[in-house]
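Colleague: for reference, the sequence and a predicted model appear below.
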Amino acid sequence: MMGPLLVLWLAVCLSGTWAVDRGNFKTCDQSAFCKRQRALKPGQSPYRALLETLELTNTKLTLQLINDNNKVRLLLELYRLQGNMTRVKINELKPLKPRFEVPDVLINDPPTEPLSLLSQDENGVVLSLGADSQRLIVSAKPFRLDIMEGREVLLSLNSRGLLAFEHLRIRKDTKVDPEGTENKEENEAANEPAEGEEKAKEDEKVEDGMWEETFKSHTDSKPNGPSSISLDFSLPGVENVYGIPEHADSLKLKTTDGGDPYRLFNLDVFQYEVFNPMALYGAIPVMLSHSAQRTMGIFWLNAAETWVDISSNTAGKTVFGQMLDYVQGSSETPQTDVRWISESGIIDVFIMLGPTPTDVFSQYASLTGTQAFPPLSALAYHQCRWNYNDQEDVAAVDQGFDDHDIPYDFIWLDIEHTDGKRYFTWDPHKFPQPKDMLQGLLDKRRKMVTIVDPHIKVDSSYKIHNEIRSKGFYVKSKDGGDYEGWCWPGNSGYPDFTNPEMRAWWASMFAYDQYEGSMENMYTWNDMNEPSVFNGPEVTMHKDALHGNWENRDLHNLYGFYVQRATAEGLIERSGGVERPFVLARAFFAGSQRYGAVWTGDNAAEWDHLKISIPMCLSLGLVGVSFCGADVGGFFKSPSTELLVRWYQTGAYQPFFRAHAHLDTPRREPWLFGPENTALIREAVRQRYALLPYWYQLFYHAHHSGQPVMRPLWVEYPQDTATFSMDDQFLLGRDLLVHPVTEEGARGLTAYLPGKGEVWFDVHTFQKHNGAQNLYIPVTISSIPVFQRGGSIIPRKARVRRSSSCMEHDPYTLFVALSPKRFAQGELYIDDGHTFNFDKHKQFIHRRLFFANNALSSRNLAPGSQFTTFSWIEKIVILGASKPSKATLKTPDGKESLLEFDFDASMSVLTLRKPGVNAGVDWTVVLQ
C-alpha cells in the first residue's frame, strides 16, 4: 500500500496541467553560485601567472597563478595529449581540504606528448604543440592562454577575464568549521603574501547563499562554503556551437544573453517543455564548435551543477545589418564566447583541436570510450507501456503482434510488475510464473526488459533493503544517518553507486540465482536515476547528502552513470562474461555510452515533441551517445492517429526504437487504430527490420571509432554552410539521408540534398536527384522521405519475420547506388549478434563491397577473423545502371556462372537475381 502522502502527491502531479511547473526548478538567479558568478562581468582578470614558478617536465607544464585581489594561489597544469588535444587543469595550490576530481569517466590516464618551450620572457611563454605549427601561448599579466595555428588564434582561455575560483575558506561568522581544517596553518601559510605583496584583505565579502541557501522549503547547509569555479573560452571565426546535452532545444545552441544559461544538472523534470535551456535528465559537458575551416571540442570534466553561457558578436544581427557590414567592409570576425560555471570541484578541461568532425569524435572517444556494441535485437522494435498488467496481458500483446504481422523483439514491464515497487521481485498475483512467461517469449525468439530503479523501499522484510542497510551502502544524510526520500515505493533509500563495493554487490544481484524469475532473454531498464526524490529540492537529492567523503553537490551528475554501469556489469557477469548486455538509462554523463542506451525521457504526445526528438538525439550523438531514442507516440497524453503514425515513421529511423505510454493514457498497441493505420505502422516497422544489417554495421563502427550513428549533415559536408543549423533531417552513417514528416497535415516538404556533383536515390521509388539542391517532395500519410547516396552500397534483408533473431540466417539484398562516375562502395558486417566473441575471439565477418569498371566485388576486410554464416546474397539491385548484355558471377573456386537479370530502363535500375553466393566469401559479378 502506498503511503497517503505519496498518493496525494501523485494525484496532484498526474492530473491537471500538461506543462512543467517551472517553480520547482531553479533559475540562475535562484542558484546562488550561478548568480554570484554571472555578476562578474568581462574585464581585466585579477589572475596573473608567476612565471618564476614554471616547471616543465616530459609530461606537463606546471605554473602558479595568483589572484591579486585576495592573494590566493592556484596551480595550473598543462598537458599536450596524444591525438591533437590539450588538457588544462586548475586547482587551488593548497586547498583547505581536497577538492573533488571526477573519477571513472576517463577510460585511462590520457597519454601525453612532450611540450617544448619555444620562447620565454617576462610577459609569458610560448610552447610548441607539435603538429601544424600549433603553439600554446601563456600570457602572464593578466593570465590568459591562447592556442594558435600559424597566425590564426584557434581558441583563447580567460581572454574575457572570467576565470574565477572560489577558494575553500574557514567560516568567519560562526564557530562552525568545515571538516578537515587540520591543515589550517599550512593553508594560511600557502596564502601568505610573498615579499613585496601587500597583505590580502582579511574579510572577504560574505554574500547570501555562500554558507547556506534555501529554495522553496529546502535548506542546503553548505558546510564547505563557496567553492564555485568559472572559466571563459573565446572561439574566433566560430558562429556555430553544438552539444552539452541534455536540453529540449535546437541542435545549434542559442546565445544565452538576456536569458538563463544552459543548465547541466540531472533532474526528473515532469512534463518538460521544448525550446528552452532548462536542465533535463542527463548532462554531458562537451561542446563542439564548427566552421567551414575547422571543428573543435571542449570537454569540461566536472560533475557538479554546471551552467553554460554562450554569446556571439553576430547573434541578433539582422540580415540587413549583416549586409551593411559586408557593404561597408566591416572586418569584425565572427566569434563565439562560452563561459562554464560549476558549483564545486576543479577546472579540468580537454580541448580537442580536430581539425575535422571525425577527428573530434575520435579524440573524445580516446578519452571516454565508445558506444557499447548492443545485441542486434536491441536495434529492433521495443513495445512498452506503464504498465502491461499481468502475464495474460503480456501474452495477449505478444500474440497481437503475430496476428497483425508486425515484428517486435522486446516487450517491457514498468514498475507495476514488482511486488509493491520492490525491485528484483515480481507481483505474486499478476506475475506468478515469470519464467513461464519468459520461456513463452523465448520460444518465439523474443525478449523482455524489466525495470530496476535505484531507489529502494525502506522495508525490513525486503531482502535488498536489509542487505544494503547492513552493509552500510546507502547514501548518508548530512547528519550521518541513511538518506531517505520519497519515490514510487514511498519512503526509499538510495544506494551509494559511487562506492565500487556497492556497485559490485548490485551487479551480483542480477545473477540468475539472485534475481528470481530472471532468464537470459531478460534485460534491464534503469529509470529515475538522476536520482529522482519526489520530496527533495528540485525533485532530487539534497546537495549536502554524503557519498563517502564527498557531498552529492560534487558528483551529482555522475550518479546515473554509475547506476547504469553497475547494472550493465551485472548483466555481463550473470553470463560469465559471454553475453553483451542491454541497459536503458534515463540519467547519464560523459562515458555513459560505454554502458548502453538512453532515451529523451517523459515527452508528450505533441508535434513539437516529435520534432525535438531529432535535435535531442543528434546532440547526444555528437558527444558519444549514439544509442538514443524518444518514446514513440509520446509518454504523456494521447496522440492523434496521424501523430502516432508519423512518430512510428520517424522512430523507425532513429537509433533506439521504443513505443511507451503513461499509465493514464488509453492503450495504443499498433493495431488499435483501424486497419489503415495498422498497415502504415506495420510498414514503418518492417522498413526498420529490413535495414537492420545497415544499423548493426553503423553501431559496429560507432563502437570501434566513436563516429555517431545518427549525424547532422554538416558532419559529412563540413564546408556546406547551408547544413550548419539543419535539424529536421539527418544522416544515418554517410549513406542514408532521412527527412521525416513532422508537420501536422503535411502535403509536402522540402529536403536539402547535399553534395555538389553528387546524386541521391529515393529508396522507395529509385528516382535519382542531384545533390546541392532543395528538393520539394509531395507527401501522403504513407511517405517517409529517405535517400541513398550515389556511391554507396547498403545491405538489407527483405524477408521480415516476427523478430530479428528469426531473420539471423536469412539472405541479403545489396542496394548499389552508383555515383555519377559509376562507382560505389559499402560494407557487410556479420557476427553472432549477441556475444563478445566478435571482440574476444575475432569471430565476425567484415567485408568490403565495391563497384568499379562494371564489376561488383566482395573482399575480406578482416583477414584475422573467423566466422561462418548461413546467409547468402539473394539479390543485387543497382541504381543508376545501364543495361548489360550479360552478367557473370565469379567465385573463388574459379567457377563462372551467368546470372538472370531485369532492367527497368525508365528508372535505370538493374536487378540481378539469385547470385546464391555465401555472404562470407570472395566473389565478383562482372557486367558486360
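Modeller: That came through fine. Given the structure is predicted, the values throughout are model-derived calculations rather than measurements.
Colleague: where along the stretch 451-600 of the chain do the strands fall?
Modeller: Secondary structure of the stretch 451-600 of the chain, counting by DSSP state E, counting those that start in this stretch: strands at 456-457, 484-487, 490-493, 522-526, 546-547, 550-551, 583-585, 597-599.
Colleague: may I see those organised as CSV, with mean pLDDT added?
Modeller: Below are the strands of the stretch 451-600 of the chain laid out as CSV (pLDDT from 0 to 100):
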stretch, mean pLDDT
strand 456-457, 98
strand 484-487, 98
strand 490-493, 98
strand 522-526, 99
strand 546-547, 98
strand 550-551, 98
strand 583-585, 99
strand 597-599, 98
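Colleague: closest one to Thr869 among the ones you listed?
Modeller: Closest approach to Thr869 among the strands of the stretch 451-600 of the chain is made by strand 522-526 (24.9 Å; Cβ to Cβ). Heads up, the C-betas are built off the backbone N, CA and C, glycines and all.
Colleague: tell me the predicted confidence for Thr681.
Modeller: For the record, residue 681 is Ile, not Thr. Ile681 carries a pLDDT value of 99.
Colleague: brain fart, Ala568
Modeller: pLDDT, read off for Ala568, is 99.
Colleague: any idea how far it is from Leu367?
Modeller: 19 Å (Cβ to Cβ, to the nearest Å).
Colleague: can you check Cys384 too?
Modeller: Noted for Cys384: a distance of 33 Å to Leu367, by Cβ to Cβ.
Colleague: what's the answer for Ser230, then?
Modeller: In terms of Cβ to Cβ, Ser230 sits 22 Å off from Leu367.
Colleague: equivalent analysis for Glu305, please.
Modeller: In terms of Cβ to Cβ, Glu305 sits 22 Å off from Leu367.
Colleague: pLDDT weak spots in the stretch 251-400 of the chain?
Modeller: By pLDDT under 70, the weakly predicted segments of the stretch 251-400 of the chain are 315-331.
Colleague: would you map the strands across it?
Modeller: Along the stretch 251-400 of the chain, counting by DSSP E, counting those that start in this stretch, strands occupy 262-264, 286-290, 295-300, 306-312, 335-342, 347-352, 381-383.
Colleague: among these, which comes closest to Ala630?
Modeller: Proximity to Ala630 (Cβ to Cβ) singles out strand 381-383 among the strands of the stretch 251-400 of the chain, at 12.2 Å.
Colleague: contacting residues for Phe836?
Modeller: Gly577, Val578, Glu579, Arg580 (Cβ atoms under 8 Å, 6 or more residues apart in numbering).
Colleague: now tabulate the residues you listed in TSV and tack on distance to Gly596 and neighbour count.
Modeller: Output for the contacts of Phe836, formatted as TSV (distance: Cβ to Cβ, whole Å; neighbours: other Cβ atoms under 10 Å):
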residue	distance to Gly596	neighbour count
Gly577	17	10
Val578	17	13
Glu579	13	16
Arg580	10	24
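Colleague: can you lay out these as a markdown table showing distance to Arg446 and pLDDT?
Modeller: Below are the contacts of Phe836 laid out as a markdown table (distance: Cβ to Cβ, whole Å; pLDDT from 0 to 100):
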| residue | distance to Arg446 | pLDDT |
| --- | --- | --- |
| Gly577 | 24 | 98 |
| Val578 | 20 | 98 |
| Glu579 | 16 | 98 |
| Arg580 | 17 | 98 |
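Colleague: hey, where'd the helices end up in the stretch 701-850 of the chain?
Modeller: For the stretch 701-850 of the chain, helices defined by DSSP state H, counting those that start in this stretch occupy the ranges 713-716, 837-840.
Colleague: quick one: the first one to chain centroid distance?
Modeller: In other words, helix 713-716. 18 Å (Cα atoms, centre = their mean, to the nearest Å).
Colleague: that one - contacts with which helices or strands?
Modeller: Counting contacts by 3 or more Cβ pairs under 8 Å, 6 or more residues apart in numbering; DSSP states H and E, helix 713-716 is packed against helix 357-368, strand 730-732.
Colleague: save these as JSON lines, and put in mean neighbour count and distance to Asn69 too.
Modeller: Converted to JSON lines, the helices and strands packed on helix 713-716 look like this (neighbours: other Cβ atoms under 10 Å; distance: least, Cβ to Cβ, whole Å):
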{"stretch": "helix 357-368", "mean neighbour count": "23", "distance to Asn69": "34"}
{"stretch": "strand 730-732", "mean neighbour count": "23", "distance to Asn69": "48"}
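Colleague: so who does the nearest residue to Ala597 once chain neighbours are set aside touch?
Modeller: Spatial nearest neighbour of Ala597, excluding adjacent residues (Cβ to Cβ, 6 or more residues apart in numbering): Phe627 at 3.8 Å. By Cβ under 8 Å, 6+ apart, the residues touching Phe627 are Gln371, Ala372, Pro374, Ala378, Gln593, Gly596, Ala597, Val598, Pro655, Phe656, Phe699, Val709.
Colleague: among these, name the buried ones.
Modeller: Listed as buried from those are Gln371, Ala372, Pro374, Ala378, Gln593, Gly596, Ala597, Val598, Pro655, Phe656, Phe699, Val709; burial here means 16 or more other Cβ atoms under 10 Å.
Colleague: between those residues, which sits nearest Leu264?
Modeller: Val598 (14.8 Å).
Colleague: so what's the residue count around the nearest residue to that closest one once chain neighbours are set aside?
Modeller: Distance criterion Cβ to Cβ, 6+ apart; nearest residue to Val598, sequence neighbours excluded, is Phe588 at 5.1 Å. By other Cβ atoms under 10 Å, the residues close to Phe588 number 31.
Colleague: before we move on, what about the one 4 residues further on?
Modeller: By the other Cβ under 10 Å criterion, the neighbourhood of Ser592 contains 33 residues.
Colleague: what about it, distance to Ile830?
Modeller: 28 Å.
Colleague: try Trp760
Modeller: 27 Å.
Colleague: can you check Phe656 too?
Modeller: When Phe656 is compared with Ile830 (using Cβ to Cβ), they lie 22 Å apart.
Colleague: and if you look at Ala140?
Modeller: 59 Å.
Colleague: who's more crowded, those two?
Modeller: Set Ala140 next to Ile830 and count neighbours by other Cβ under 10 Å: Ile830 wins out with 24 against 19.
Colleague: I'd say that one and Phe867 touch.
Modeller: Yes: when contacts are counted by Cβ atoms under 8 Å, Ile830 is listed as touching Phe867 (6.7 Å).
Colleague: what do those two both touch?
Modeller: Counting by Cβ under 8 Å, 6+ apart, the contacts common to Ile830 and Phe867 are Phe844, Ile845, Gly920.
Colleague: show the buried residues in those.
Modeller: Buried among those by 16+ other Cβ under 10 Å: Phe844, Ile845, Gly920.
Colleague: returning to what we had before: phi, psi for the residue nearest to Ala597 please.
Modeller: phi -90, psi 80 (degrees, to the nearest 10).
Colleague: how near is it to Asp309?
Modeller: Look at Phe627 and Asp309: by Cβ to Cβ, they are 30 Å apart.
Colleague: same thing with Trp505?
Modeller: 41 Å.
Colleague: those two: which is more packed in?
Modeller: Asp309 (24 against 18).
Colleague: what sits up against the helix or strand that contains Asn91?
Modeller: Assigned by DSSP states H and E, Asn91 belongs to strand 85-92. Strand 85-92 is touched from outside by 65, 72-81, 99, 110, 129, 136, 145, 147, 157, 163, 165, 167-168, 229, 231, 346-353, 363, 366-367, with contacts defined as Cβ under 8 Å, 6+ apart.
Colleague: got the angle for that strand vs strand 295-300?
Modeller: Taking axes from the mean of the first three to the mean of the last three Cα atoms, to 10 degrees, one finds strand 85-92 and strand 295-300 inclined to each other by 30 degrees.
Colleague: each with direction, which strands does strand 85-92 pair with?
Modeller: Take DSSP bridges as the rule and strand 85-92 pairs in its sheet with strand 73-81 (antiparallel), strand 347-352 (antiparallel).
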